[in-house]
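Student: need a 3D model of the following:
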Amino acid sequence: MMGGATFLIGLLPTYGTVGVLAPVLLIVLRLVQGFALGGEWGGAVLIVSEHGKPEHRGFWASWPQAGAPAGNLLATGVLALLATFRTDEAFEAWGWRIPFLLSAVLILVGLWVRLTVSESPVFLEAQRAAEARAAETGQAEKAPIVTVTGEEAAVALPEPVQTALGWVVREAVTNVLRHSRARWCTVELSAAGGEAELQVANDGVRGTADSWGNGLTGLAERLAATGGRLVAGPDGDRFVLAASVPVGVPA
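Tutor: Numbers count the residues shown, from 1 in each chain. Next comes the predicted model:
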């Protein structure tokens, strides 16, 4: 989508040819580029990070972030070459189309990558574990998004509760997974007895305990201000963080 929309921008008719349809088509193609970026970026970061070793995942996951500035540098270099070897009149007439048409090369590169890349070891391990559990229980696991949005999701939490539990997830991701070198992390949410309960667990026991520091105390204080409570500590080979927040917490 991204490469095709970019290539088509290089083929757009001018305003003098089709009138107001020219800017309308440009806006449509720019929207397609935006949709493509939103759909591809998360997957790119995920598959790159999951292919890397746990201690190097942050480094490899940073490369997709470098794609935008690298693309800007490449585009600037191409435009500089065109400005050097073409007159202003030629550039305004047709030269500006060349960088967009060159994106056809990137389409081929992207297609080759998509067709040759394999599933990540992390995904394959999770898939094998899910198949093993399904063989034991006789029931296949459902996709999480289906569970969250389907008929089984009967809990609608007030916004303040969502915010309070969001603090827990944010701290777990930023302070735990980043520093503990954990290989996996699970998040479980339930609501019963007038309370919403959130449990975050991962396998980085030692790294997790070292990485929380004062952040754990600060998070507990923020939850306490909403009437909630926080319990955290090692549980066997896991580190578990459990938070409870009253569903009727004031805004």
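Student: hey, let's count contacts and neighbours off CA atoms from now on
Tutor: Will do.
Student: name the residues of stretch 43-55 that are buried.
Tutor: 45, 47-52, 54 (16 or more other CA atoms under 10 Å).
Student: sitting in helices, which of the residues you listed do you find?
Tutor: 45, 47-51 (DSSP state H).
Student: Gln127: which of the buried residues of stretch 43-55 is nearest?
Tutor: Among the buried residues of stretch 43-55, Glu50 lies closest to Gln127 (CA to CA), at 13.6 Å.
Student: kindly reformat the buried residues of stretch 43-55 as TSV containing pLDDT.
Tutor: Shown next, in TSV, are those (pLDDT from 0 to 100):
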residue	pLDDT
Val45	83
Ile47	83
Val48	84
Ser49	81
Glu50	81
His51	82
Gly52	76
Pro54	72
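Student: what about Glu197, neighbour count?
Tutor: 20 (other CA atoms under 10 Å).
Student: farthest-separated two in the ones in helices among the buried residues of stretch 43-55?
Tutor: Between all members of these, the farthest pair (by CA to CA) comes out as Val45 and His51, at 10.1 Å.
Student: doesn't Ile243 belong to a strand?
Tutor: No Ile there; residue 243 is Ala. Yes - counting by DSSP: H, G, I helix; E, B strand; the rest coil, Ala243 is located in a strand.
Student: what about it, distance to Leu230?
Tutor: 5 Å (CA to CA, to the nearest Å).
Student: got it, and Pro121?
Tutor: Distance from Pro121 to Leu230, by CA to CA: 33 Å.
Student: among these two, which residue is more densely surrounded?
Tutor: Leu230 (21 against 14).
Student: for the helix or strand hosting that one, give the mean pLDDT please.
Tutor: Using DSSP states H and E, Leu230 sits within strand 229-235. Average pLDDT, strand 229-235: 72.
Student: in its sheet, what does that strand sit against?
Tutor: strand 238-246 (antiparallel) (DSSP bridges).
Student: avg pLDDT for the partner strand?
Tutor: Taken as a whole, strand 238-246 carries a mean pLDDT of 72.
Student: pLDDT below threshold where in the chain?
Tutor: Scanning the chain for pLDDT under 70 picks out 141-161, 170-187, 189, 191-194, 196, 200-219, 233-234, 236-239, 241, 247-251.
Student: try 90
Tutor: 1-6, 14-17, 33-72, 74-107, 109-251 (pLDDT under 90).
Student: can you show me the strands along it?
Tutor: With strands called from DSSP state E, the chain shows them at 185-192, 195-202, 229-235, 238-246.
Student: how near is Val45 to Val109?
Tutor: Val45 is 18 Å from Val109, where distance means CA to CA.
Student: for Glu125, same thing?
Tutor: From Glu125 to Val109 the distance is 28 Å (CA to CA).
Student: same question, Leu21
Tutor: Where Val109 is concerned, Leu21 sits at a distance of 31 Å (CA to CA).
Student: swap in Pro23?
Tutor: 29 Å.
Student: neighbour count: the two, which is higher?
Tutor: Set side by side, Pro23 and Val109 show more neighbours around Pro23, with 15 against 11, by other CA under 10 Å.
Student: hmm, who's touching stretch 78-91?
Tutor: For stretch 78-91, the external contacting residues (CA atoms under 8 Å, 6 or more residues apart in numbering) are 95-96, 99.
Student: so for it, what gets flagged as buried?
Tutor: Here stretch 78-91 shows 78-79, 82, 91 as buried, counting by 16+ other CA under 10 Å.
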